[in-house]
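1. kindly return the folded structure for what I paste below:
(one chain, ligands or ions: 1)
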Amino acid sequence: MQNNRLIITLFGASGDLAQRKLYPALYQLYRKKIISNHFAVIGTARREWTNDHYRQIVIANIINHCKDKKEAMMFASHFYYQPHDVHDTDQYKNLQQLAEQLDQTYQTEGNRIFYISLSPQLFPIITKHLKTQGLITNTGYNRLIIEKPFGYSEESADLLQKQLEESFEENQIYRIDHYLGKSLVNQILPIRFNNHIMKSIWTGETIDHIQITLNESIGVEDRGSYYETSGVSRDMIQNHALQLLALVTMLEPTAFNASEIRDEKIKILKNLTLFDGWDQAELNIVRGQYGPSLDGQHPGYREEKNINEQSLVETFIALKLKIDYGGWQHTPIYIRSGKHMSTKQTDIKIVFKQIKKDIPANYLQFELAPNPGIRLYLSQSDSTHQEEIMPLNLFYTVPPEICSELPKDYEKLILDCIEGNLNNFTHYLEAKYAWRLIDRIQHYWAQEDTVCFPNYPAQSDGPKAGQEIILRDQKNWINK
Ligand code: BG6
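-> Presented below is the predicted three-dimensional model:
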């Protein structure tokens, strides 16, 4: 069986994600000949589009990436549109017939990827129909890709999993966290475990603390309704931040396959807690919400579209965590993430213990944005005045020509799914334990008497308490 012979059925074909990310990603795979003649995409949504109209949409979304209009048209000819109401059982028959027909045309050997890019409430409705209406084939592979969020809490994630498992086994479910498709994120494990230097110093004994920053300069934009149900804790921490945390702290797996890697990550997430325990939550959890920017150019969160005027949803969070496992019990992990911060900064810093009090701590930085690169900050002596300590900064910045050819997150993740590689997709138990932490935080917030929001202006460095969470330990957020 060849993996790259396949039919992708896409639920949510008219949506923003499909247009901005998925069509360009599939086009890159086509351009690189990873998928070529033997694939078809069935796009579904409620609108009454024709195949022609759909193909025009696909072309419009890839045209900037391609040199040759003819190639774009060839690519788009693999796309078929089927209007579809996911609640209507009868309509699944149309999808099944179309898929069988395209199986013949493109000789796709019954291989299927079902990609659901719709609201999570619809996941179980669709997967149930895929099974009962016979869209899951017996001849090829059947894989399900779903977007976040996987549930809303531990309980809802458990329920969702139970529902999905009625149609798909765990190893057929590809839960997307687009951070796991970022090429620098994919370098974390090789750098940690393939280099003796890194491997030997990467322990709770030598690492003083870890900083993870996921700051964005944009606000909630037009996603107000979604954000009101999520806040930054569910939008960025439960998935992206905790995934990064798991990658930098997991113990070495016995083999580098999905099952072993994910097992190690699960152990980390299961043992994640607040640094000083939950009775010290006040010191270790900070939340914030942005108000109008000081220059009056940006509205506050409560003034944005589709936001409750008295919303208590958090747009900023800072946490001090620890892991009761793997030798990390005494290593604080500081995480912060906010919308409408002064700059976009997405990075991880592994800060090593100081050799001497007056020599600055060394640290290793994985910068995902804005300037992707890996940087090691060491200390040296000034060559003339030996007693003076100078910084020695070793930078690896991804060269622009490589950067442009590296697969973008969605391209990488779709390719992994085609190849049946689950390494970069979260296991259900990872999602479950990450929710457990978020649930505890939400529970703590629900009991707080007063919340003074907004508590930071848009385009700033967040609430003061977000600084204090680390200053209190005589450390600083490193903003480089
Ligand atoms: C998404 C969140 O998962 O990640 C968004 O829903 C956020 O709110 C985005 O803006 C950030 O992704 P990146 O890749 O730009 O850091």
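2. pLDDT weak spots in the stretch 1-150 of the chain?
-> 1 (pLDDT under 70).
3. quick one: the helices in it, in order.
-> With DSSP state H, counting those that start in this stretch, the ranges of helices along the stretch 1-150 of the chain come out as 16-17, 23-31, 51-62, 69-76, 91-106, 123-132.
4. out of the ones you listed, nearest to the ligand?
-> With Cβ to the nearest ligand atom as the criterion, the ligand lies closest to helix 16-17 of the helices of the stretch 1-150 of the chain, at 10.3 Å. For the C-beta atoms, the positions are set from N, CA and C on the backbone; glycine is no exception.
5. contact partners of that closest one?
-> Residues from elsewhere that reach helix 16-17, judged by Cβ atoms under 8 Å, 6 or more residues apart in numbering: 117, 147.
6. now for the helix or strand hosting residue 286, which elements pack on it?
-> Element membership for residue 286 (DSSP states H and E) is strand 285-288. Other helices and strands packing on strand 285-288, by 3 or more Cβ pairs under 8 Å, 6 or more residues apart in numbering; DSSP states H and E, are strand 316-323, helix 428-447, helix 464-471.
7. just the buried positions in the second one, please.
-> Going back to what we said before, that points to helix 428-447. Neighbour counts over helix 428-447 (16 or more other Cβ atoms under 10 Å) mark 428-442, 444-445 as buried.
8. what sits up against that helix?
-> Helix 428-447 is touched from outside by 150-151, 153-154, 157-158, 161, 170, 173, 175, 233-234, 237-239, 242-243, 246, 262, 265-266, 269-270, 272-274, 278, 281, 285, 287, 314, 319, 321, 451, with contacts defined as Cβ under 8 Å, 6+ apart.
9. what's around the residue in the stretch 301-450 of the chain positioned nearest to the ligand, how many residues?
-> Nearest to the ligand, among the residues of the stretch 301-450 of the chain, is residue 346, at 5.1 Å (Cβ to the nearest ligand atom). The number of residues packed near residue 346 is 22, by other Cβ atoms under 10 Å.
10. now do the one 4 residues further on
-> By the other Cβ under 10 Å criterion, the neighbourhood of residue 350 contains 23 residues.
11. picking that back up, export the helices and strands packed on strand 285-288 to CSV and tack on distance to the ligand?
-> As requested, the helices and strands packed on strand 285-288 are exported to CSV (distance: least, Cβ to the nearest ligand atom, whole Å):
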stretch, distance to the ligand
strand 316-323, 13
helix 428-447, 14
helix 464-471, 18
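12. for the stretch 301-450 of the chain, what spans make up the strands?
-> Counting by DSSP state E, counting those that start in this stretch, the stretch 301-450 of the chain has strands at residues 316-323, 333-338, 345-352, 363-369, 373-381, 389-397.
13. next one: the fourth one to chain centre, how far?
-> Per Cα atoms, centre = their mean, to the nearest Å, the displacement of strand 363-369 from the mean C-alpha position of its chain is 17 Å.
14. now the fifth one
-> Using Cα atoms, centre = their mean, the mean C-alpha position of strand 373-381 is found 28 Å from that of the whole chain.
15. pick out the residue of the stretch 1-150 of the chain closest to the ligand.
-> Going by Cβ to the nearest ligand atom, the ligand is nearest to residue 148 of the stretch 1-150 of the chain, at 6.4 Å.
16. surely that residue and residue 177 touch.
-> Yes. Taking Cβ atoms under 8 Å as the definition, residue 148 is a contact partner of residue 177 at 6.4 Å.
17. direction included, what does the strand holding residue 286 pair against?
-> The pairing partners recorded for strand 285-288 under DSSP bridges are strand 316-323 (antiparallel).
18. of residue 148 and residue 177, who's got more company?
-> More neighbours surround residue 177 than the other of residue 148 and residue 177, with 24 against 18 (other Cβ under 10 Å).
19. of the contacts of helix 428-447, which count as buried by neighbour count?
-> Listed as buried from the contacts of helix 428-447 are 150-151, 153-154, 157, 161, 173, 175, 233-234, 237-239, 242-243, 246, 262, 265-266, 269-270, 272-274, 281, 285, 287, 314, 319, 321; burial here means 16+ other Cβ under 10 Å.
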